[in-house]
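>>> take a look and give me a structure for this.
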Amino acid sequence: MKIAYFDTIAGVSGDMTLGAFVSAGLPLDELGREVGKLNLEGVELQASHISRSGITAVKLDVVITSTPTKHRHLKDVYEIIDASSLSDRVKTDARKIFMEVAKAEAKVHNSTIEKVHFHEVGALDSIVDIVGAAICFEKFGIEAVYSSPVKLGHGGYIEAEHGKLPLPGPATTEILRQYPTLLTDIPFELTTPTGAAIIKSMSQGLLSMEQLKIHSIGYGAGTREIPQVPNLLRIMIGEMPQALAADELVMIETNIDDMNPEIYPYVIEKLIAAGANDAYLVPVIMKKGRPGILLSALTARSKMDEALRVIFGQTSTIGVRIIPTERKKLQREQREVQTKFGPVKVKAIIFEGSERLVPEFEECKRLAEAHKLPLMEVYKMVEKQLE
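Predicted structure coming up:
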């Protein structure tokens, strides 16, 4: 699986992202031709090689010569993207990134996604940055994105349309809610809303670097020199064995010894509906020899609040343990195969180039009820046809 790893040495921004991909090998004129499909007048990409702490990086600038538009709403940005001749993948990824910005702006300004208007992010250079990033992902054939904890500046201020704002900026902070970050003592804006949205919308989380076989490396340079750190974003592009695909999760645990056991199945059902990857019960012996239940829920950090609401709202516990953990997983896909029952959805599990087809429980249950057959018999019949 081909991945891009964002090493946020000094944060991440849209122009640093494009610069890093150009540094990694994407020709500037090819990127420019694709950006040209947006049909934006007065937009030009310029790139130069500069040195940061002795490391050669690409400083990419989006030069605007046309008269700027004051504000744009999300629908205005979507119309520009949809009217272009860019690929469906690029359009989809670009919309996804812009949606992260829209949700954050709406939250910060107590508005709605439809009503919120973009300032800096609605400007042509930010549109080019976001769509350009989506173009880069496609050009390099990136199948998954990972990152280091995103670096944030702190202790300074930035000037925005609404006035002076503290660092990290409110929109950036809102976008990166539930995503791993690292607050520094650097009083500059290291990560912009555009850069944060690219990471949040596209990344699957953190990555243990020993899993990555690196093919190319690119460095994108920020605008200013920062005394504390090289002002760079490093993007590493390479292959990660599909058998070692991993994501960052949290395990939420709590011990309970004072609840009606009839309630537990309902709690498990609610946790799964809230997005937990898994939820289960283990009988335990607690203090004073009391029998109890260990309730565990495995969930993505972005879904943690929903899981906590279920646990605190539906059980008698007054405290939980939260344990960061890493999950390694095989690639899985859903397929539809023809059987004597007609089309049936099955799970394809892929490992080292070979795949194994496994019946889905809900499909077998549906067939058993529809044909008035024992569930076990349906499993056997479907498995035999899969063989």
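
>>> kindly report the domain assignment for the chain.
The chain breaks down by automatic domain parsing into domains covering 2-240, 245-329, 331-386.

>>> got a markdown table for the ones you listed, with mean neighbour count and mean pLDDT too?
The C-beta positions use only the backbone N, C-alpha and C, and glycine is treated the same way. Below are the domains of the chain laid out as a markdown table (neighbours: other Cβ atoms under 10 Å; pLDDT from 0 to 100):
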| stretch | mean neighbour count | mean pLDDT |
| --- | --- | --- |
| domain 2-240 | 19 | 90 |
| domain 245-329 | 15 | 93 |
| domain 331-386 | 14 | 87 |
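
>>> helix or strand: which one has Glu207?
Check again: residue 207 is Leu, not Glu. Using DSSP states H and E, Leu207 falls within no helix or strand.

>>> what sits against the closest residue to it other than its chain neighbours?
Leaving aside its chain neighbours, Leu207 sits nearest to Tyr146 (3.7 Å; criterion: Cβ to Cβ, 6 or more residues apart in numbering). With contact taken as Cβ atoms under 8 Å, 6 or more residues apart in numbering, Tyr146 is in contact with Ile3, Ala4, Tyr5, Phe6, Ser203, Gln204, Gly205, Leu206, Leu207.

>>> nearest residue to the third one other than its sequence neighbours?
Just to be clear, that refers to Tyr5. Nearest to Tyr5 is Met236, by Cβ to Cβ, 6+ apart, at 4.4 Å.

>>> ok, now which ones touch the one you found?
Ala4, Tyr5, Asp7, Leu212, Ile214, Ser216, Ile217.

>>> the residue nearest to Leu207 belongs to a strand?
Yes - counting by DSSP: H, G, I helix; E, B strand; the rest coil, Tyr146 is located in a strand.

>>> ok, back up a step: could you list which of the contacts of Met236 belong to strands?
Of the contacts of Met236, the ones assigned to strands by DSSP state E are Ala4, Tyr5, Asp7, Ile214, Ser216, Ile217.

>>> need the max-distance pair from these.
The most widely separated members of those, counting by Cβ to Cβ, are Asp7 and Ser216 (13.3 Å).

>>> just put the contacts of Tyr146 in JSON lines and tack on distance to Met286.
Listed next are the contacts of Tyr146 as JSON lines, based on distance: Cβ to Cβ, whole Å:
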{"residue": "Ile3", "distance to Met286": "43"}
{"residue": "Ala4", "distance to Met286": "47"}
{"residue": "Tyr5", "distance to Met286": "43"}
{"residue": "Phe6", "distance to Met286": "44"}
{"residue": "Ser203", "distance to Met286": "39"}
{"residue": "Gln204", "distance to Met286": "37"}
{"residue": "Gly205", "distance to Met286": "34"}
{"residue": "Leu206", "distance to Met286": "34"}
{"residue": "Leu207", "distance to Met286": "37"}
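
>>> ok, which stretches of the protein are helices?
With DSSP state H, the ranges of helices along the chain come out as 14-23, 28-36, 74-82, 88-108, 124-139, 170-175, 193-202, 264-273, 304-314, 361-371, 375-386.

>>> the nearest residue to Lys139 once chain neighbours are set aside and Leu18, how far apart?
Closest residue in space to Lys139, ignoring its immediate chain neighbours: Leu26 at 5.5 Å, by Cβ to Cβ, 6+ apart. Note on Leu26: its distance to Leu18, by Cβ to Cβ, to the nearest Å, is 9 Å.

>>> with Leu281 instead?
Distance from Leu281 to Leu18, by Cβ to Cβ: 49 Å.

>>> can you check Lys139 too?
According to Cβ to Cβ, Lys139 stands 11 Å off from Leu18.

>>> got any residues that touch both of the two?
Leu31.

>>> OK, contacts around the closest residue to Glu355 other than its chain neighbours?
Using Cβ to Cβ, 6+ apart and skipping residues adjacent in sequence, the residue nearest Glu355 is Ala348, 5.0 Å away. Shown in contact with Ala348 (Cβ under 8 Å, 6+ apart): Arg332, Glu333, Gln334, Arg335, Glu355, Arg356, Leu357, Val358.

>>> which strand residues bridge the first one?
The one in question is Arg332. Beta-bridge pairing for Arg332 (DSSP bridges): Ile349.

>>> which pair of the contacts of Met236 spans the longest distance?
Among those, Asp7 and Ser216 lie farthest apart (Cβ to Cβ), at 13.3 Å.

>>> name the nearest residue to Leu124, ignoring sequence neighbours.
Ile64 (5.2 Å).

>>> tell me which residues touch the one you found, please.
Gly42, Val43, Ala123, Leu124, Asp125 are the contacts of Ile64 under Cβ under 8 Å, 6+ apart.

>>> look up how far Leu176 lies from it.
27 Å.

>>> now Leu295
29 Å.

>>> again, but for Phe341
In terms of Cβ to Cβ, Phe341 sits 47 Å off from Leu176.
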